[in-house]
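In: Here's my sequence, what's the structure:
(one chain, ligands or ions: 1)
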Amino acid sequence: MRHFVIVGILVIAAAVLTYAGLNAIGLMPVEASAQAIPIDWLWNLQVIAISFLFSLIVVPLVYSLVVFRRKKGDNTDAEHIEGNTTLEIAWTIVPLIIVVAFAYLGAYSLGETRRVDPNAMVIKVTGYQWGWQFEYPEYGFSSPTLYLPVDKQVVFQMQALDVIHSFWVPEFRVKQDLVPGRITEYRITPTLIGEYKVRCAEICGSSHAYMESPIVVVEQAAFEQWVGEQKLAAAEAEANATPEQRGQKLYETYCKACHSINGTAGNGPTWKGLFGHEVELADGTSVIADEAYLIQSIKEPQSQVVKGFAPMAFNATAVGIGDTEIQYIIAFIKTLK
Ligand SMILES: [Cu+2]
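Out: Alright, predicted model coming up:
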């Protein structure tokens, strides 16, 4: 009995010391989001459980090694123990209850981190090899730096352009994959003003380690000021855009789904090296891709169908692409040598 009391006291003391030690080394970065609170709370509970279990195993083990070690000259066998039903039932039921309790708490804290605020601001996040782009659809501009107002929920609608990436800000705790062909969601409410960094947490190629972007959490007023500056800069860039840049923008909005610019054939032929080169048509003739041909291909796609492709089903006129826009697109096609 005396041994049990001593071991019991030592287990509790060792558990407290282990817990204090784990806390002291600062395993977690600062807590910078509302979602981090339930996560850290659960994490802390786990650290307490881990400290206790660690002591429960290590203390009796070390105690036995020291106190019950073989005395000099003692060559007898150890005491034979048959089993103990009460003990076995206890050490099955107690861990079972603990595991079920943690499962419940885990589900609860998952629910807390996903709590939806219907007024959340939408930001579109695009991950690609190797960088991030942040689009603010409510304000109509994009930014390579993610600015967020403090204490306001944002919902990221995330897409990957090439391979799987993963959006991870350790200070926010929550992590979410970006999967090609899918939109994944990530909700966060930043609670601490400061500068952070998003990293890609899914190895995605040779420059994966450099796939970082700055995140700045600011007061609402500072956020609005930044939005104002960005809108102005976007409007200025729009006003000063060259025909090639305008053409590229039209391409990215309307034509990219079927026409590549890197030489690979998609739903439609690639635009790489198109201008000024010979194009074989389905009727066996061929033409030189000059301006007249391109204009006609866009306006009346049925008239000259490229060999090996179905006639272009896309109706450019219907989306408001007129003669001016076609000139921009042609200027862009000319740059694709
Ligand atoms: Cu990545």
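In: could you say what helices and strands the strand or helix carrying Val66 packs with?
Out: Secondary structure from DSSP states H and E places Val66 in helix 36-67. Judged by 3 or more C-beta pairs under 8 Å, 6 or more residues apart in numbering; DSSP states H and E, helix 36-67 is in contact with helix 2-24, helix 85-113. No exception for glycine: its C-beta is placed from N, CA and C like everyone else's.
In: highest average neighbour count across these?
Out: Neighbour counts (mean count of other C-beta atoms under 10 Å) averaged over each of the helices and strands packed on helix 36-67 peak at helix 2-24, with a mean of 13.
In: Just list what that helix packs against, helices and strands only.
Out: Going by 3+ C-beta pairs under 8 Å, 6+ apart, helix 2-24 lies up against helix 36-67.
In: what does stretch 267-278 rub up against?
Out: Stretch 267-278 is contacted by residues 251, 257-264, 279, 286-290, 294, 306, 309, 312, 330, 333-334, 336-337 when judged by C-beta atoms under 8 Å, 6 or more residues apart in numbering.
In: Looking at the residue nearest the centre of the chain now. What's its pLDDT?
Out: By C-alpha atoms, centre = their mean, the mean C-alpha position of the chain lies nearest to Phe167, the distance being 2.2 Å. pLDDT, Phe167: 95.
In: ditto for the one 5 residues further on
Out: At Phe172 the predicted local confidence, pLDDT, stands at 94.
In: Quick check: it touching Ala32?
Out: Yes: using C-beta atoms under 8 Å, Phe172 is in contact with Ala32, at 5.9 Å.
In: Which one of the two is surrounded by more residues?
Out: When Phe172 and Ala32 are compared for neighbours, Phe172 comes out ahead with 28 against 23, by other C-beta atoms under 10 Å.
In: State the distance from the more buried one to Ile39.
Out: Distance of Phe172 to Ile39, given as C-beta to C-beta, to the nearest Å: 9 Å.
In: and if you look at Ile188?
Out: Per C-beta to C-beta, Ile188 is found 12 Å from Ile39.
In: OK, contacts around Val305?
Out: Applying C-beta under 8 Å, 6+ apart, the residues near Val305 are 281-283, 311-312.
In: would you turn these into TSV with neighbour count?
Out: Converted to TSV, these look like this (neighbours: other C-beta atoms under 10 Å):
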residue	neighbour count
Leu281	14
Ala282	13
Asp283	9
Pro311	12
Met312	20
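In: which one of those residues sits closest to the ion?
Out: For these, the residue nearest the ion by C-beta to the ion is Met312; the value is 34.1 Å.
In: Hmm, that closest one is touching Lys299, no?
Out: No: in this structure Met312 lies outside contact range of Lys299 using C-beta under 8 Å: 10.8 Å.
In: pLDDT at Gly266, what is it?
Out: Among the per-residue scores, Gly266 shows a pLDDT of 79.
In: Determine which of the helices and strands packed on helix 36-67 approaches Val58 most closely.
Out: Of all the helices and strands packed on helix 36-67, helix 2-24 sits nearest to Val58, with 7.0 Å by C-beta to C-beta.
In: Name the helix or strand for Trp226, please.
Out: Short version, using DSSP H and E: Trp226 is in helix 220-239.
In: Give me the mean pLDDT for that helix.
Out: 88.
In: Could you do stretch 93-109 as well?
Out: 94.
In: on that earlier part again, after the helix or strand containing the residue nearest to the centre of the chain, next one along is what?
Out: Using DSSP H and E, Phe167 sits within strand 165-168. As assigned by DSSP H and E, the chain's next helix or strand after strand 165-168 is strand 175-178.
In: Determine the set of other helices and strands touching that next one.
Out: Packing partners of strand 175-178 (3+ C-beta pairs under 8 Å, 6+ apart): strand 154-160, strand 165-168, strand 184-188.
In: Over the first one, what's the mean pLDDT, rounded is fine.
Out: The predicted model assigns strand 154-160 a mean pLDDT of 93.
In: Name the residues of it that are buried.
Out: If you call a residue buried by 16 or more other C-beta atoms under 10 Å, then strand 154-160 has these buried ones: 154, 156, 158-160.
In: Asn267 and Lys256: what is the separation?
Out: 11 Å.
In: which neighbours do these two share?
Out: With C-beta under 8 Å, 6+ apart, Asn267 and Lys256 have no common neighbours.
In: Can you get me a residue count around the closest residue to the ion within the stretch 201-337 of the chain?
Out: Going by C-beta to the ion, the ion is nearest to Cys204 of the stretch 201-337 of the chain, at 3.2 Å. Per other C-beta under 10 Å, the neighbour tally for Cys204 reads 20.
In: related to what we said a few turns ago, name the residues contacting each of Ile188 and Ile39.
Out: With C-beta under 8 Å, 6+ apart, Ile188 and Ile39 have common neighbours Val174.
In: ok, those two, which is more surrounded?
Out: The residue with more neighbours, out of Ile188 and Ile39, is Ile188; 27 against 19, by other C-beta under 10 Å.
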